[in-house]
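Engineer: Need coordinates for the following:
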Amino acid sequence: MSVSTWVGERFPTDRRHLDAAAAGRVSTAVLELETQHLQDEATLGGYVAEALAADRIDAGRVALGALVGLDDAFYTDGAGTAFAIMLDAWPLPAGSRIGTIPGEYGGNARILRARAALRGWELVTLPTDALGRILDVPGDLELVTFPQILSQRGIAQPVELAVAAGVPLLLDVAQSAGQTEVPHGAAAYVGTSRKWLCGPRGVGWGCVAQEWRDRLAEPPTLGPSHHPGRIAMYDTPEPHVAGRVGLAHAVRTWSPALLPVVRAGAAAARVLLEGAGGWHVVEPVEEPTGITTLSHETADPFATRAALVDRGFVVSAVPTSRSDDLTAPVLRVSTAAWVTPEDLQSLAAALDSLGSSA
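Structural biologist: Alright, predicted model coming up:
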């Protein structure tokens, strides 16, 4: 699918949507498929409707696996749930050493700390530079985990360091799948539907490399028995099936041709927004991500976001609870393929007009 066709299929909006890092714009087709499935549930019953959608949902498993170089996927209600499922299933006895980073997503960091305290794991902080980029991965760890792209800062991690170290890697691709290349070679991946893949909210997914599948513990509640793949046992029960139908379509119609457009948009944003209204860009101009974060000495990112919403812009304000390495909130702009130069110029003008008053 071409970039222009993909963009043209987005559900229409009169807003300048610069917030795919929070929730991307679903297509009209995704919305229609979800609605049709909900109607099927209402008329046929939930289980009959789910059985009728099984082939479409399973095609989504294959497409999600292909994103990360694997052959299958499981579905959950979010990336955080998939992350917790993988930690619980991983063969990590007491005393296991797990590599992590200060820039870990806040929800995942809290899960890690809770599991480590309960099970006697040692969390080892990997060395990072001033932007939170990993500098080294020691080879004496039982597991290493981090997000490929940070939520609070548009920095791409050198995944190859962990792969080269020979340590099993649980890679969080919630912010990277759909906006940048996802390297192959990790032991497992967890992601979400709602961001750059532009599926619905309330759906997550995960993939496990074949050599690890038989080494993981079974979950306490098994997934659907109709699916022959072992990985499906990690599906969360009582699913939002309409959301899985929507994600399956979204990922099958996503195209890698979108990636250079996302990067080019971010590079333009970082040039145009630097200094606008006294805001300063955190990321290097050519960082290969679609996330641009802005800091300000006096302006409140949350008040600024609210003022921008009133002016027709959709952006995020990121709180310090998002990451242990975030010392002050930031304003976050994400440049999906539908973002135009006019959108960015208008945002810069709006920031200039707001100054530090927001």
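Engineer: thought His240 was touching Val203?
Structural biologist: Yes: assessed by Cβ atoms under 8 Å, His240 is found in contact with Val203 at 6.3 Å. C-betas here are computed from N, CA, C, even on glycine.
Engineer: And these two? Which one has more around it.
Structural biologist: Val203 (29 against 19; other Cβ atoms under 10 Å).
Engineer: residues bridging contact with His240 and Val203, i.e. touching both?
Structural biologist: Asp77 (Cβ atoms under 8 Å, 6 or more residues apart in numbering).
Engineer: Enumerate every residue touching the closest residue to Ala22 other than its chain neighbours.
Structural biologist: With sequence-adjacent residues excluded and distances taken as Cβ to Cβ, 6 or more residues apart in numbering, Ala22 is closest to Ser316, at 4.9 Å. By Cβ under 8 Å, 6+ apart, the residues touching Ser316 are Asp19, Ala21, Ala22, Arg305, Leu331, Arg332, Ser334.
Engineer: Would you mind giving those residues as TSV with secondary structure and pLDDT added?
Structural biologist: Shown next, in TSV, are those (DSSP: H, G, I helix; E, B strand; the rest coil; pLDDT from 0 to 100):
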residue	secondary structure	pLDDT
Asp19	strand	98
Ala21	coil	98
Ala22	coil	98
Arg305	helix	98
Leu331	strand	98
Arg332	strand	98
Ser334	strand	98
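Engineer: Now list the buried members of the residues you listed.
Structural biologist: For those, a burial check counting by 16 or more other Cβ atoms under 10 Å picks out Asp19, Ala21, Arg305, Leu331, Arg332, Ser334.
Engineer: What distance do you get for the third one to Asp235?
Structural biologist: To Asp235, Arg305 is 35 Å away according to Cβ to Cβ, to the nearest Å.
Engineer: Residues in a beta bridge with the residue nearest to Ala22, which ones?
Structural biologist: Beta-bridge pairing of Ser316 under DSSP bridges involves Arg332.
Engineer: Against Gly154, how distant is it?
Structural biologist: According to Cβ to Cβ, Ser316 stands 12 Å off from Gly154.
Engineer: shared neighbours, the two?
Structural biologist: By Cβ under 8 Å, 6+ apart, no residue touches both Ser316 and Gly154.
Engineer: Tell me which stretches of the stretch 201-350 of the chain form strands.
Structural biologist: Assigned by DSSP state E, counting those that start in this stretch, the strands in the stretch 201-350 of the chain fall at 204-208, 280-281, 291-295, 313-314, 316-318, 330-334.
Engineer: Save those as JSON lines, and put in distance to Leu259 too.
Structural biologist: Compiled in JSON lines, the strands of the stretch 201-350 of the chain are given as follows (distance: least, Cβ to Cβ, whole Å):
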{"stretch": "strand 204-208", "distance to Leu259": "19"}
{"stretch": "strand 280-281", "distance to Leu259": "21"}
{"stretch": "strand 291-295", "distance to Leu259": "14"}
{"stretch": "strand 313-314", "distance to Leu259": "22"}
{"stretch": "strand 316-318", "distance to Leu259": "21"}
{"stretch": "strand 330-334", "distance to Leu259": "14"}
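Engineer: Which one, of the ones you listed, ends up nearest to Leu197?
Structural biologist: Ranking the strands of the stretch 201-350 of the chain by proximity to Leu197 (Cβ to Cβ) places strand 204-208 first, at 9.3 Å.
Engineer: contact partners of the closest one?
Structural biologist: By Cβ under 8 Å, 6+ apart, strand 204-208 touches 64-65, 68, 70, 72-83, 85-86, 174, 187-193, 216, 231, 234, 247.
Engineer: gap between the residue minimising distance to the centre of the chain and Lys195?
Structural biologist: Nearest to the mean C-alpha position of the chain, by Cα atoms, centre = their mean, lies Ala174 at 1.8 Å. In this view, Ala174 and Lys195 are 6 Å apart by Cβ to Cβ.
Engineer: circling back: need the contact list for the residue nearest to the centre of the chain.
Structural biologist: Ala79, Tyr105, Pro147, Ser151, Val190, Gly191, Thr192, Lys195, Gly204.
Engineer: any idea how far it is from Asn108?
Structural biologist: Note on Ala174: its distance to Asn108, by Cβ to Cβ, is 9 Å.
Engineer: same question, Glu41
Structural biologist: Glu41 is 32 Å from Asn108, where distance means Cβ to Cβ.
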